[in-house]
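1. Generate coordinates for the sequence data below:
(one chain, ligands or ions: 1)
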Amino acid sequence: MTAKIIRGTDLREALLDEVAVDVLRMKEQYGRPPGLVTILVGENPASLSYVSLKIKTAHRVGFKEVQENLPENISENELLECIKKYNNDETIDGILVQLPLPGHINEGKVIETIDPVKDVDAFHPVNVGRLMQEGAAAPFLPCTPAGIMEMLIRSEVPVAGAEVVVVGRSNIVGKPIANLLLQKGAAANATVTVVHTGTRNIAEHCLRADILIVAAGVPNLVRPEWIKAGACVIDVGVNRVGESVSAVTGKKIALLRGDVDYDAALEVAGWITPVPGGVGPMTIAMLMKNTVKAMKLRRTS
Ligand SMILES: Nc1nc(=O)c2c([nH]1)NC[C@@H]1CN(c3ccc(C(=O)N[C@@H](CCC(=O)O)C(=O)O)cc3)C=[N+]21
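-> Numbers count the residues shown, from 1 in each chain. Okay, here's the model as predicted:
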């Protein structure tokens, strides 16, 4: 069997087209586009590259886009003040503080300072709680899990009644995607197992999965022997395994690998997402969707 490849780069285009239409409508109705601020502390190369992708995409869909690049040694208080400034800025609908933050800053405190109605990452405890209680009806869903749901739905992967195994228990991916898939309703209604590095017999669990979602951050963790024939494999890992120099631009390019042994898995799985070009681009598209939603929410509340 050769798996069907679920390309995030293709699905993203459809989503961004929808967003661009929304932006035109909002400009007409409210006289301004949705506004997104990205706050980056320090110069971590991975963070810089993600943030610049977000900014580029925001431009493409016609958002007002503001960048705050703050020095690594900024005090926690100064960062909180910066967030509060945008909480009170009527032209800004979404606030994204790129994680991870430097060690001297309390991440929880930072996340809780973002106004929940502008929390387009859906990391604020209010939005995390709503996700657990209201599921897909919550105002914001975290971008990566929401992107994964879109991939499953748009590729017509059967989810209701399926056995899902999630590898990894992070607050950003593992826990929320497990919750979403567990919800009642046709798009979810799965049976979900969450495994992690402390789980005995990880391979045995994975082998039961109709849908295997891997967000462990360990390159090549999932071997083909862990995959049930015909399963849907969603690879959330974005691991920088090396660096090379572009022959075209002379710029450095990172070599990316997922958490799944992709070439081997391709022969076993029924569906698979590549890295790069899989979940990553969907994450960014869902951030744009959330920002439009944030503007609508504030206009109607
Ligand atoms: N507040 C916050 N929100 C986030 O959403 C957030 C964050 N912090 N910190 C880091 C993680 C990681 N993340 C990615 C987004 C896009 C790609 C992506 O588009 N990746 C491309 C390749 C990008 C490249 O070349 O580096 C791909 O997989 O095809 C990857 C990873 C968002 N995160």
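2. G237 reaches V260, doesn't it?
-> Yes: when contacts are counted by C-beta atoms under 8 Å, G237 is listed as touching V260 (7.3 Å). Any C-beta I mention is one placed from the backbone N, CA and C, and that applies to glycine too.
3. what number of residues lie near V97?
-> V97 has 25 neighbours, counted by other C-beta atoms under 10 Å.
4. so what's it bridging to?
-> I39 (DSSP bridges).
5. if we can go back for a sec, could you name every residue contacting both of G237 and V260?
-> V214, L221, V275 (C-beta atoms under 8 Å, 6 or more residues apart in numbering).
6. Could you say which helix or strand holds V37?
-> Element membership for V37, per DSSP states H and E: strand 35-41.
7. can I get the CA coordinates of that strand in CSV?
-> C-alpha atoms of strand 35-41 as CSV (Å, rounded to 0.1, in the frame of the first residue of the first chain):
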residue,chain,number,x,y,z
GLY,A,35,-5.1,43.1,13.3
LEU,A,36,-2.6,40.7,14.6
VAL,A,37,0.5,41.4,16.8
THR,A,38,3.3,38.9,17.1
ILE,A,39,5.5,39.4,20.1
LEU,A,40,8.9,37.7,20.0
VAL,A,41,11.4,37.9,22.8
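8. For this protein, just list every one of the strands.
-> Here the chain has its strands, by DSSP state E, at 4-5, 35-41, 64-70, 94-97, 163-167, 191-195, 211-214, 232-235, 239-245, 252-257, 271-272.
9. residue in the stretch 51-200 of the chain nearest to the ligand?
-> L99 (3.8 Å; C-beta to the nearest ligand atom).
10. I'd guessed that residue sits against E107; true?
-> Yes: at 6.6 Å, L99 counts as touching E107 under the criterion of C-beta under 8 Å.
11. Write out the residues of the protein neighbouring the ligand.
-> 49-50, 53, 96-99, 121, 143, 238, 254, 256, 275-277, 280-281, 283-284 (C-beta under 6 Å from any ligand atom).
12. returning to what we had before: neighbour count winner among G237 and V260?
-> It is V260, of G237 and V260, that has more neighbours when counted by other C-beta under 10 Å, with 32 against 25.
13. Pairing partners for that one in the sheet, please.
-> What pairs with V260, by the bridge criterion (DSSP bridges), is V222.
14. any idea how far the ligand is from it?
-> 13 Å (C-beta to the nearest ligand atom, to the nearest Å).
15. cool, A14 as well?
-> Counting by C-beta to the nearest ligand atom, the gap from A14 to the ligand is 16 Å.
16. Count the residues that sit near the nearest residue to that residue once chain neighbours are set aside.
-> Leaving aside its sequence neighbours, A14 sits nearest to R154 (C-beta to C-beta, 6 or more residues apart in numbering; 7.7 Å). A count of nearby residues for R154, using other C-beta under 10 Å, gives 14.
17. and R154, how far is that from A285?
-> According to C-beta to C-beta, to the nearest Å, R154 and A285 sit 11 Å apart.
18. V126: neighbour count?
-> V126: 17 neighbours (other C-beta under 10 Å).
19. which residues sit in contact with it?
-> Contacts of V126 (C-beta under 8 Å, 6+ apart): P116, D119.
20. Per-residue pLDDT of it, please?
-> Per-residue pLDDT puts V126 at 96.
21. Verify the contact between E76 and K109 for me.
-> Yes: the pair E76 / K109 is scored as a contact, 6.9 Å apart, by C-beta under 8 Å.
22. For the stretch 201-301 of the chain, give the residue positioned nearest to the ligand.
-> G280 (2.4 Å).
23. I'd say that residue and G8 touch.
-> Yes: with contact defined as C-beta under 8 Å, G280 counts as touching G8 (6.5 Å).
24. can you tell me which residues contact the closest residue to I234 other than its chain neighbours?
-> Spatial nearest neighbour of I234, chain neighbours left out: I213 (4.5 Å); criterion: C-beta to C-beta, 6+ apart. By C-beta under 8 Å, 6+ apart, the contact list for I213 reads I148, V164, V165, V166, V167, I177, I234, V236.
25. Next: L11.
-> L11 touches E150, M151, R154, P281, M282, A285, counting by C-beta under 8 Å, 6+ apart.
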